[in-house]
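S.K.: The sequence and its predicted three-dimensional model are supplied below.
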Amino acid sequence: MKLGGDLTLWFIGRLLSVSELKNADRPYLSLGGVFPYSRNMKATLLRAWHEAAGARFAPFAGFDMPIQYPAGAVEEHRLCRRGAGFFDIDHMGQFIISSKGAGEALSALVSNRILDMKEAEARYALLLNESGGVIDDLFIYRMNRDEAEDGWFVVVNAGNRELDYAWFRERLPKGVGLEDVSDSVYMISVQGPQALRLLDSVSGGALSAIPRSSMVMTRIMGLPVRMGRTGYTGEDGAELFYDAGKARELWEFLLAEAGRLGIEAGPVGLAARDSLRFEAGMPLHGHEISPDITPPEALLSWACDFEKEFTGKASLLAQKERGLRRKLVTLNVKGGVPREGYAVLSGDGLELGRCVAGMFCPTTGTYSANAFVPPDYAKPGTVLAVSIRGGAKEATVIKRPLYIPVYRRSV
């Protein structure tokens with residue numbers, strides 16, 4: 001099988017949840033197999049565009065999402081690394097938390113420092129339970145004063161939208177506003193070496209005028225757009241938030257503008273989005289992070305400010321005091337394809353943990369996996385094994401990430 005098909009089938013197979021299987025009422029046809037399609041599945045407003053572009057779909061976080069296009073997941077991955085990849089990510093959720101005291105209240109609920117953020121800054125943070133497990137990972141943007149009083153624009157993961165909203169609603173003090181704007185705001189992402197040139201062309205240079213991890217309110221084809229210089233691929237680019245009523249119009253306008261500028265660009269499905277984030281060392285909820293996984297275990301202590309109070313802090317300090325029992329590692333595997341759930345073994349065959357993600361990585365040309373193992377086995381260069389179809393295949397712990405994001409490289 002071609003690598004693109006292998007990557008896509010692996011991705012689709014691991015997306016199917018038990019609830020989706022139970023609710024399926026008709027077969028879902030995709031590359032190389034038949035998968036269930038739930039009658040309760042949502043679709044983004046670009047669904048018809050994706051169909052016309054030849055996309056293949058599969059369930060993800062309650063949405064019927066494009067997984068790949070005719071060129072294949074590997075080619076889409078490479079396109080994003082060399083040109084400009086377009087991602088329809090409107091399955092993500094967006095909240096606005098505002099009014100007097102909103103910042104202090106939000107700070108108490110998220111792991112990272114946010115009160116020092118200037119207007120239009122963006123920051124990554126975690127929403128933790130009392131045990132220190134990761135309920136969700138968030139991107140938080142501080143809004144301008146003319147938009148809202150003490151306003152915060154919070155982007156949450158698709159599958160956690162309702163849970164996160166309830167969590168905030170129950171814990172934010174009376175008088176602090178919480179609005180779910182996910183249905184009225186459309187979200188897309190343009191990522192890659194040519195993304196900056198493209199987005200500057202249509203916004204009068206607005207994107208290059210701001211640093212990484214910040215946002216700007218601009219206009220594209222006359223439409224107000226919130227543009228965050230953030231992303232999930234390891235490339236430069238932006239995530240765009242705009243009126244959902246203009247979902248297709250702006251998407252097609254940007255693609256047309258890329259063509260006019262001679263920029264190689266095209267849509268990228270969720271399979272390649274996953275391999276892009278994997279190479280760049282970014283976590284995916286339900287895999288490298290979950291309510292049962294803590295930030296120190298997932299190598300995300302940097303997203304926790306222990307100088308302030310936040311939910312879960314006491315549990316994390318206690319965990320640090322007693323020492324970690326497991327730690328996230330990335331493995332390069334020889335002789336087989338590592339997949340989620342496969343056992344990681346020591347040299348003498350002792351099971352150390354399980355893979356939480358595994359795939360072919362197009363940029364490095366490796367078959368790699370993420371897994372949690374005891375800290376004594378987490379040093380780069382340690383030789384372990386992954387059990388693949390009854391055989392122990394050599395696996396070496398490597399320095400993370402496989403692909404250093406372009407904005408972290410020394411100039």
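M.R.: Okay, I see it. Every value quoted in this text rests on a predicted model; they were computed, and no experiment measured them. Residues are numbered from 1 along each chain as shown.
S.K.: Next, give phi and psi for residue 346.
M.R.: Phi and psi for residue 346, reported as degrees, to the nearest 10, are phi -80, psi 180.
S.K.: Any idea how far stretch 242-254 is from the middle of the chain?
M.R.: 22 Å (Cα atoms, centre = their mean, to the nearest Å).
S.K.: How about the contacts made by residue 393?
M.R.: With contact taken as Cβ atoms under 8 Å, 6 or more residues apart in numbering, residue 393 is in contact with 333, 334, 335, 336, 338, 385, 386, 387. C-betas here are computed from N, CA, C, even on glycine.
S.K.: give me the number of residues near the second one?
M.R.: Spelled out, that is residue 334. 12 (other Cβ atoms under 10 Å).
S.K.: How about the fourth one?
M.R.: Under the neighbour criterion other Cβ under 10 Å, residue 336 is assigned a count of 18.
S.K.: Show the contacting residues for it.
M.R.: Contact partners of residue 336, counting by Cβ under 8 Å, 6+ apart, are 367, 386, 388, 389, 391, 393.
S.K.: quick one: it is in a helix?
M.R.: No - Residue 336 is assigned coil when assessed by DSSP: H, G, I helix; E, B strand; the rest coil, not a helix.
S.K.: Buried residues in stretch 103-119, which are they?
M.R.: 103, 105, 106, 107, 109, 110, 111, 112, 113, 114, 117 (16 or more other Cβ atoms under 10 Å).
S.K.: what about that stretch, distance to the chain center?
M.R.: That offset, for stretch 103-119, works out to 21 Å (Cα atoms, centre = their mean).
S.K.: same deal with stretch 324-342?
M.R.: Using Cα atoms, centre = their mean, the offset of stretch 324-342 from its chain centre is 20 Å.
S.K.: Could you give the separation between the terminal residues of that stretch?
M.R.: With Cα to Cα, to the nearest Å as the measure, stretch 324-342 spans 22 Å from end to end.
S.K.: One more: stretch 380-389?
M.R.: Span of stretch 380-389 from end to end, Cα to Cα: 25 Å.
S.K.: which residues sit against that stretch?
M.R.: 331, 333, 335-339, 342-347, 349, 352, 355, 358, 369, 371, 373, 377, 392-399.
S.K.: per the record, what domains does the protein have?
M.R.: Domain assignment for the chain by automatic domain parsing gives 3-89+184-279, 93-180, 325-402.
S.K.: To residue 301, which of those domains lies closest?
M.R.: Among the domains of the chain, the nearest to residue 301 by Cβ to Cβ is domain 93-180 (9.2 Å).
S.K.: Check the separation of the first and last residues in the closest one.
M.R.: Across domain 93-180, first to last residue, Cα to Cα, it's 8 Å.
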